[in-house]
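Student: What follows is a protein structure lacking sequence information:
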Ligand SMILES: CC(C)(COP(=O)(O)OP(=O)(O)OC[C@H]1O[C@@H](n2cnc3c(N)ncnc32)[C@H](O)[C@@H]1OP(=O)(O)O)[C@@H](O)C(=O)NCCC(=O)NCCS
């Protein structure tokens, strides 16, 4: 586990005086992350999945904490290497695995702060591109990603367990 200096990424106060700490996730935070995920998203993952993201890509696994220390949001990425189409090299992609903010804390700039801080962090893994999938009905999330200049590439049919399609969105680093 890092020191406070190692893990603190950003503290921001929004227009309403709400103070939120954005920092790297550590092992003790995983239960809080899972709680937010299970409340806010239909896609749940087993504990070992979060743990493996934390073990391998901890720099870009961030949480948002309120002033009482409660986790109210998180973002996690993984890095994937795929063979390049036009050379024998590999392309590294930062793949946004999941982002969520608790309902009571939405529309306060928390997701924007999680995105901007984690995109800088995941770039340190020397990625060439950021990629993500998002439900075609999730207008709020699509708007968020467009603010960061992600563009809709193609549609992945039946991507989600309930059959909904996903937009595949990408951004070159
Ligand atoms: C998508 C989500 C993470 C946004 O979190 P948030 O902290 O409320 O977002 P922010 O306050 O930082 O807003 C960032 C931008 O997202 C878009 N956005 C977010 N919520 C919105 C809403 N209710 N209506 C319209 N746009 C919205 C806007 O572009 C906004 O920028 P703006 O305030 O300058 O207009 C949040 O709604 C959430 O957790 N949803 C459930 C989980 C989810 O869908 N995750 C994404 C899976 S791919």
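Tutor: Ah, there it is. Predicted model, so just to flag it, every value in this text is computed and none were measured. Numbers count the residues shown, from 1 in each chain.
Student: Surely residue 38 is in contact with residue 45?
Tutor: No. Assessed by CB atoms under 8 Å, residue 38 is found out of contact with residue 45, at 9.6 Å. The C-beta positions use only the backbone N, C-alpha and C, and glycine is treated the same way.
Student: who has more neighbours, those two?
Tutor: Remark: of residue 38 and residue 45, residue 45 carries more neighbours, 16 against 13, as counted by other CB atoms under 10 Å.
Student: tell me the SS of the more buried one?
Tutor: Using DSSP: H, G, I helix; E, B strand; the rest coil, the structure places residue 45 in coil.
Student: please renumber so the chain begins at 653
Tutor: Taking 653 as the first residue, the last one we looked at is residue 697.
Student: Now do the same contact list for it.
Tutor: By CB atoms under 8 Å, 6 or more residues apart in numbering, residue 697 lies in contact with 689, 750.
Student: What does the pLDDT read for it?
Tutor: As predicted, residue 697 sits at a pLDDT of 95.
Student: and if you look at residue 666?
Tutor: Looking at residue 666, its pLDDT reads 68.
Student: go on, residue 700?
Tutor: 97.
Student: That one: neighbouring residues, count only.
Tutor: By the measure other CB under 10 Å, the count of residues near residue 700 is 9.
Student: so which helix or strand takes in it?
Tutor: Here residue 700 sits within helix 699-708, counting by DSSP states H and E.
Student: Run the chain-centre distance for that helix.
Tutor: 14 Å (CA atoms, centre = their mean, to the nearest Å).
Student: got a list of contacts for it?
Tutor: 677-679, 682, 685-686, 713, 728-731, 749.
Student: got those residues as TSV, with neighbour count columns?
Tutor: Output for those, formatted as TSV (neighbours: other CB atoms under 10 Å):
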residue	neighbour count
677	22
678	15
679	12
682	19
685	23
686	18
713	27
728	26
729	27
730	18
731	15
749	19
